[in-house]
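# Sharing a model that was predicted from the sequence below.
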Amino acid sequence: MSDAPTLVKCLVWDLDNTLWRGTLLEDSEVALPDDIRRTIIELDARGILQAVASKNDHDHAWERLERLGVAEYFVLPQIGWHPKSQSIKEIADQLNFAMKTIAFIDDQPAERAEVAYHHAEVRCYDADQAAELTGLPEFSPAVVTVDAARRRDMYQAGFRRTAERESFTGPDEEFLRSLDLVMEIKPADEGDLSRVEELTLRTSQMNATGVYYSDADLRALIADPGHEVLTVTLTDRFGPHGAVGVMLLGYHERVWHLKLLATSCRVVSFGAGAVLLNWLITEAAESGVHLAADFRRTDRNRMMEIAYRFAGFTGDACDCLAELPAETAPDRADIEFRHLVAERRPGPTTMSVVGPALGAEDAAGAALA
Ligand SMILES: [Zn+2]
């Protein structure tokens, strides 16, 4: 597993004699070879973003990409006369991607050398290799999740949202309300599992325990009536944010055991974690149970500790905790509980929440099982 190469998250294309045959400013026509078109479409389907770094007149080159029918596949086109190392830095910064996840393809050895000189971690490829990229392990994610297949849409929606936010002059809460945010919470099905697993792997700052649940663990828990695996998605008028949270709940008679809560860093500014916790607290109140949340301090999840404290969880003891199973697994030995006596909370003012009714029947079913 440690031999697997770091996956490329964004491929940056040169245009002249790399993406298309010909030089736009010299040749009257340039052509997009079929195998390059197939490569672009396939990488997109795998959730790998694609950008452009080209020394050309911006409008002229972009218009040509549109005419070739591939403009929509590219984010953050850098078309102009600055050094390509600078274009790549701009792309990486805007995406918030590490340089080691960026790849660059260009027919000019001097351009590749210039990029490699400034960003040693960027993987550079010669234009000859374009049609082979989809066969390379660094461009081949093991699992393509629902979200990966629409990653480009999500990023493009994100750029529009950011632009709107920057031009918005009112208070933050007003901006959030203007987004028409909808949070949807639903029991995970088999198809959601890969995205849930991806979330628990990728959200170390926002994971309350740092415990990793594998696909097989979660599959077993989905089928278990004593547990609930919930996925959280967020959408607004700009488009989907995709899967932004996962929650794993164990039902007991007097207490619900929140074993995993992980939310995506992408939605921290929307207050998604607090909205989710308040929704859960209200559900627990309606079923007349307490909540106990697993918590383990890691060097990265202080935000989660604050989220629990803000929601009213404490480290106090309570009789209900006796219902929780004793931990025997070594990777869970130092997990503590955060406890809360649930009371109904008012709904959020910044988004609407759609969620299933939790508990009662399920809890009774689990208790009888
Ligand atoms: Zn209690």
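Yep, it's here.
# From here on, just use CA atoms for contacts and neighbour counts.
Will do.
# any idea which helix or strand carries I41?
If you go by DSSP states H and E, I41 is part of helix 34-45.
# Pull out the buried residues from that helix.
Neighbour counts over helix 34-45 (16 or more other CA atoms under 10 Å) mark I36, R37, T39, I40, L43, D44, A45 as buried.
# Can you lay out the residues you listed as JSON lines showing pLDDT?
As requested, those are exported to JSON lines (pLDDT from 0 to 100):
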{"residue": "I36", "pLDDT": "97"}
{"residue": "R37", "pLDDT": "97"}
{"residue": "T39", "pLDDT": "97"}
{"residue": "I40", "pLDDT": "98"}
{"residue": "L43", "pLDDT": "96"}
{"residue": "D44", "pLDDT": "96"}
{"residue": "A45", "pLDDT": "94"}
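# Return the member of these nearest to F139.
L43 (7.5 Å; CA to CA).
# What is the neighbour count of the residue lying closest to that closest one once chain neighbours are set aside?
Excluding its sequence neighbours, the residue lying closest to L43 (CA to CA, 6 or more residues apart in numbering) is T134, at 6.8 Å. Close neighbours of T134, defined as other CA atoms under 10 Å, add up to 17.
# does T134 sit in a helix, a strand or a coil?
Recorded secondary structure, T134: helix (DSSP: H, G, I helix; E, B strand; the rest coil).
# For stretch 147-159, what is the distance to the chain centroid?
Relative to its chain's centre, stretch 147-159 lies at 10 Å (CA atoms, centre = their mean, to the nearest Å).
# Touching that stretch from outside, list them.
The contact list for stretch 147-159, computed with CA atoms under 8 Å, 6 or more residues apart in numbering, reads 44-49, 73, 75, 195, 238-243.
# Low-confidence regions, the stretch 201-350 of the chain specifically.
Residues of the stretch 201-350 of the chain that meet the criterion pLDDT under 70 lie in 201-206, 327-333.
# now with 80?
Applying pLDDT under 80 to the stretch 201-350 of the chain flags residues 201-215, 265-269, 299-301, 326-334.
# For it, what lies in contact range of the ion?
Residues of the stretch 201-350 of the chain lying close to the ion by CA under 5 Å from the ion are H290, C318, C320.
# Filter those residues down to the buried ones, ChimeraX style.
Provided next is the ChimeraX selection string for whichever of these are buried by 16+ other CA under 10 Å:
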select :290,320
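# Now intersect the residues of the stretch 201-350 of the chain next to the ion with the strands, please.
Under the assignment DSSP state E, these contribute H290 to strands.
# Just send the residues of the stretch 201-350 of the chain next to the ion back as JSON lines, with distance to P356 too.
Shown next, in JSON lines, are these (distance: CA to CA, whole Å):
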{"residue": "H290", "distance to P356": "19"}
{"residue": "C318", "distance to P356": "28"}
{"residue": "C320", "distance to P356": "24"}
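# partner residues bridging the residue of the stretch 151-300 of the chain found nearest the ion?
Using CA to the ion, the single residue of the stretch 151-300 of the chain nearest to the ion is H290, 4.9 Å away. Here H290 sits in beta bridges with V255, as judged by DSSP bridges.
# That one against A342, yeah?
Yes - here H290 reaches A342: they are 5.4 Å apart, a contact under CA atoms under 8 Å.
# joint contacts of the two?
Common contacts of H290 and A342, defined by CA under 8 Å, 6+ apart, comprise A284.
# all helices for the stretch 101-250 of the chain, in order.
In the stretch 101-250 of the chain, the helices defined using DSSP state H, counting those that start in this stretch lie at 109-118, 146-149, 151-167, 172-178, 193-202, 215-223.
# Domain map for this structure?
According to automatic domain parsing, the chain comprises the domains 10-139, 170-368.
# average pLDDT for whatever helix or strand comes next after the helix holding I41?
The helix or strand immediately downstream of helix 34-45 is strand 49-55, counting by DSSP H and E. Across strand 49-55, pLDDT averages out at 97.
# and if you look at stretch 165-173?
For stretch 165-173, the mean pLDDT works out to 84.
# same thing with stretch 352-363?
Taken as a whole, stretch 352-363 has an average pLDDT of 77.
# hang on, the earlier thing: how about CSV for the domains of the chain, with distance to T162 added?
As requested, the domains of the chain are exported to CSV (distance: least, CA to CA, whole Å):
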stretch, distance to T162
domain 10-139, 11
domain 170-368, 10
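# For the ion, what's its nearest residue on the stretch 1-150 of the chain.
Residue of the stretch 1-150 of the chain nearest the ion, by CA to the ion: D147 (37.1 Å).
# First-to-last residue distance for stretch 261-268?
This stretch, stretch 261-268, spans 14 Å end to end (CA to CA, to the nearest Å).
# What residues sit buried inside it?
L261, A262, T263, S264, C265.
# returning to what we had before: A103: which of the helices of the stretch 101-250 of the chain is closest?
Closest of the helices of the stretch 101-250 of the chain to A103 is helix 109-118, at 10.3 Å (criterion: CA to CA).
# what packs against that closest one?
Packed against helix 109-118, as judged by 3 or more CA pairs under 8 Å, 6 or more residues apart in numbering; DSSP states H and E, are the following elements: helix 84-95, strand 102-106, strand 123-126.
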